[in-house]
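Enquirer: Quick one, what's the 3D model for this:
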Amino acid sequence: MKETLIMTVLGADRTGLVRSIAAIVAAHQASWQESRMARLAGQFAGILRVDCPKDQVAALAMALQQLAVEGIQIHLIQEPTPSAEDRRVWHIDVVGNDRAGIVHELTQAIAQCGGNVEELVTGLESAAMSGHPLFRASGKVSLCGTSDELPLRTAIENLSDDLSVEIH
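Expert: Just a heads-up that it's a prediction; the model follows:
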């Protein structure tokens, strides 16, 4: 029997950091299922999901905690078996002029429509002609299976006249 484990990883970015984690995961017969990783301001940040044999969970957790001496902080939780909710996942892309509070407004609009943020990547880029900073968000939002995307699109578009919203 396998257990699903979710880990967050933080530490000063360096060559071989991911390799160190992957070696420990493999040494405990765990299977690396998916991950999201990034370098942010010189720091490494990651989240990953592994499936691990039940009898290896404690040893894997202990081995990962040993990385703290190298400045790598790992938080590990066991994920319960997910419920069989009927939800549809929508891919969203939002672009508009940057301003303070835009992520808060976007996530509030999603929540008010009963949406759950499953994945979100945000960043700034320069507008083609003016060089003005543009906010871009892309990700996945789940809604109850019977919901269509129109209320979600409307709620996001109503945040500002300058937002371009694509949902598919």
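Enquirer: From residue 37, how far out is residue 72?
Expert: For residue 72, the distance to residue 37 (CB to CB, to the nearest Å) stands at 13 Å. The way it works is simple: take the backbone N, C-alpha and C, and place the C-beta from them, glycine included.
Enquirer: These two: which is more packed in?
Expert: residue 72 (19 against 13; other CB atoms under 10 Å).
Enquirer: what helix or strand does the residue nearest to that one when sequence neighbours are not counted sit in?
Expert: Distances taken as CB to CB, 6 or more residues apart in numbering place residue 11 nearest to residue 72, at 3.9 Å, with adjacent residues excluded. Following DSSP states H and E, the helix or strand that holds residue 11 is strand 2-12.
Enquirer: can you list the domains in this structure?
Expert: Here the domain parsing of the chain from automatic domain parsing is 2-79, 87-167.
Enquirer: hey, where'd the helices end up in this protein?
Expert: 17-27, 57-65, 102-112, 150-157 (DSSP state H).
Enquirer: Need the ones you listed in JSON lines (columns: distance to residue 130).
Expert: Listed next are these as JSON lines, based on distance: least, CB to CB, whole Å:
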{"stretch": "helix 17-27", "distance to residue 130": "38"}
{"stretch": "helix 57-65", "distance to residue 130": "47"}
{"stretch": "helix 102-112", "distance to residue 130": "18"}
{"stretch": "helix 150-157", "distance to residue 130": "22"}
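Enquirer: Ok, which of these comes nearest residue 144?
Expert: helix 150-157 (11.1 Å; CB to CB).
Enquirer: Report all helices and strands that that closest one contacts.
Expert: strand 87-97, helix 102-112, strand 164-167 (3 or more CB pairs under 8 Å, 6 or more residues apart in numbering; DSSP states H and E).
Enquirer: still on that earlier bit, I'd say the residue nearest to residue 72 and residue 68 touch.
Expert: No. The pair residue 11 / residue 68 is not scored as a contact, 9.2 Å apart, by CB atoms under 8 Å.
Enquirer: For those two, work out which one has more neighbours and name it.
Expert: residue 11 (19 against 11).
Enquirer: could you check the distance from the more buried one over to residue 42?
Expert: 10 Å.
Enquirer: what's the answer for residue 120, then?
Expert: Distance from residue 120 to residue 42, by CB to CB: 22 Å.
Enquirer: who's more crowded, those two?
Expert: Between residue 120 and residue 42, residue 120 has the larger neighbour count (other CB under 10 Å), namely 16 against 8.
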